[in-house]
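Chemist: How does the following fold in three dimensions:
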Amino acid sequence: MSDVLHSLSRRSIEHILTVLEEADGETVEWLRRWHRAVLAKAAQPPKEFASENAHFLTRFGSWYDLHKEDGLVDQAAFHVLAEAHKRMHEHARWLAARGVKDTRVPPEEYDAFMDKVDAFTAATKRLGKAFRAALAELDPLTGVQNRQSMLVELERERSRSRRSKQPCCVALGDLDHFKRVNDTHGHIVGDQVLAAAAEIFLSGLRPYDALFRYGGEEFLFCLPETTPEQAVVALDRLRERLDERPVSLAGGKTLPVTASFSIASMAAGTSVEEVIAHADAALYRAKNLGRNRVEVWDEEGGQAAAAGAGALGAAKVARPQKSQKEPRR
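Modeler: Numbering: from 1, shown residues only. Modelled structure (predicted):
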């Protein structure tokens, strides 16, 4: 479930939290109506208690039925929650029907029913706590993960890479001339540029990739099961997407935005901090060589190498930039 949470947008997490909070409130009101109906001993319990599909008549039940095959909701935690919800309503239906006929509901049956109510509400709170924790790890401006959980996640991927003997790369992406954007257009436009770039980056990643706002205008990518050669292709694609989609401004104007990228492999015996330092050195080279390009740390040479030359081989040649204008300062 944690992997799924880290792949979600801030908006998706906030939506799920709203659903869970409303399910709690709905259950309190439903339970009050159930007690009233049972105590009043109507000739026939209301449909919301008597129906075999009573759990689908609630907002939570109908929401789950509609989304149960979605990637997010199709998880064990949600299936357990939905099953607890169904059991609660089934027991409520049985007791409501019995209450019409009998003058007294056995205490042990009532206690068993309330245990099911407690089980459902406890499950919503546990799941809500997990989503709130995930929300706290998201950058409020861009919606990507912040640095709070970055090192933990990178250490986890490093251990997984060593166990599975699968490659893993860390990459940095830094928006070019971002200070100029803030100085010329103001910080509101700067925030708009950051959010637009993050959206483009997220849309081009796989579900199990991770994106963090590393600081300011800099983003960090974690790319599991990816060789440096494959990372070059993936990041060069993101570079082109960003270059091709100017940010829309007020008055119908647009602002071109580019970024420089760097790649470092999680090589055996290299710490997470060292991998980030290698990527940072490669990013420095990308900036010095004109920006709007992808550079790779050369593990054998111990230095940043062009993404397409040196020890990493010709397979990593990045596509040429579309514009050959003099780099902006």
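Chemist: got the contact list for the closest residue to R10 other than its chain neighbours?
Modeler: Excluding the flanking residues, the one nearest R10 by Cβ to Cβ, 6 or more residues apart in numbering is G143, at 4.0 Å. Every residue, glycine included, has its C-beta placed from N, CA and C. By Cβ atoms under 8 Å, 6 or more residues apart in numbering, the contact list for G143 reads S9, R10, R11, A195, A198, E199, L202.
Chemist: would you list those in CSV and tack on neighbour count, pLDDT and secondary structure?
Modeler: Formatted as CSV, the contacts of G143 follow (neighbours: other Cβ atoms under 10 Å; pLDDT from 0 to 100; DSSP: H, G, I helix; E, B strand; the rest coil):
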residue, neighbour count, pLDDT, secondary structure
S9, 15, 67, coil
R10, 17, 76, helix
R11, 9, 77, helix
A195, 16, 93, helix
A198, 20, 94, helix
E199, 15, 92, helix
L202, 17, 91, helix
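Chemist: Would you map the strands across the stretch 51-200 of the chain?
Modeler: Remark: strands assigned in the stretch 51-200 of the chain by DSSP state E, counting those that start in this stretch are 168-175.
Chemist: gap between the residue nearest to R10 and S203?
Modeler: Relative to S203, G143 is positioned 12 Å away (Cβ to Cβ, to the nearest Å).
Chemist: swap in L154?
Modeler: Applying Cβ to Cβ, the value for L154 to S203 is 22 Å.
Chemist: Those two: who's more crowded?
Modeler: L154 (22 against 9; other Cβ atoms under 10 Å).
Chemist: Once you drop chain neighbours, what's closest to the more buried one?
Modeler: Nearest non-adjacent residue to L154, counting by Cβ to Cβ, 6+ apart: V272, 4.6 Å away.
Chemist: now G61
Modeler: H55 (4.3 Å).
Chemist: Would you list the phi and psi of the residue nearest to R10?
Modeler: The phi and psi torsions at G143 (degrees, to the nearest 10) take the values phi 80, psi 0.
Chemist: still on that earlier bit, for the contacts of G143, could you give me a markdown table that also reports distance to T124?
Modeler: Shown next, in a markdown table, are the contacts of G143 (distance: Cβ to Cβ, whole Å):
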| residue | distance to T124 |
| --- | --- |
| S9 | 21 |
| R10 | 20 |
| R11 | 20 |
| A195 | 31 |
| A198 | 30 |
| E199 | 30 |
| L202 | 28 |
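Chemist: What degree of burial does the residue nearest to G61 show, as a neighbour count?
Modeler: H55: 22 neighbours (other Cβ under 10 Å).
Chemist: Can you check the pLDDT for the nearest residue in space to M88 that is not next to it in sequence?
Modeler: With Cβ to Cβ, 6+ apart as the criterion, M88 has its nearest non-adjacent residue at 4.3 Å, and that residue is K116. On the pLDDT scale, K116 is placed at 95.
Chemist: just for the stretch 51-200 of the chain, where's the confidence low?
Modeler: For the stretch 51-200 of the chain, the stretches with pLDDT under 70 are 99-100, 102-103.
Chemist: all helices of it, in order?
Modeler: Ranges of helices within the stretch 51-200 of the chain are 59-67, 76-101, 107-136, 150-164, 178-185, 187-203, based on DSSP state H, counting those that start in this stretch.
Chemist: Export those as CSV, with columns for distance to G251.
Modeler: Shown next, in CSV, are the helices of the stretch 51-200 of the chain (distance: least, Cβ to Cβ, whole Å):
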stretch, distance to G251
helix 59-67, 40
helix 76-101, 45
helix 107-136, 34
helix 150-164, 37
helix 178-185, 12
helix 187-203, 12
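Chemist: ok, now how distant is S149 from R11?
Modeler: Separation of S149 from R11 (Cβ to Cβ) stands at 19 Å.
Chemist: actually E240, not the one I typed
Modeler: In this view, E240 and R11 are 26 Å apart by Cβ to Cβ.
Chemist: How about E22, nearest residue that isn't a chain neighbour?
Modeler: R59 (6.3 Å).
Chemist: dump the residue contacts of that neighbour.
Modeler: E22, A23, E26.
Chemist: By neighbour count, which of those residues wins?
Modeler: The most crowded member of the contacts of R59, judged by other Cβ under 10 Å, is A23 (23 neighbours).
Chemist: so where does it fall, helix or strand?
Modeler: Taking DSSP states H and E as the definition, A23 sits inside helix 10-40.
Chemist: Mind giving me the packing neighbours of that helix?
Modeler: Helices and strands touching helix 10-40, by 3 or more Cβ pairs under 8 Å, 6 or more residues apart in numbering; DSSP states H and E, are helix 47-50, helix 59-67, helix 76-101, helix 107-136.
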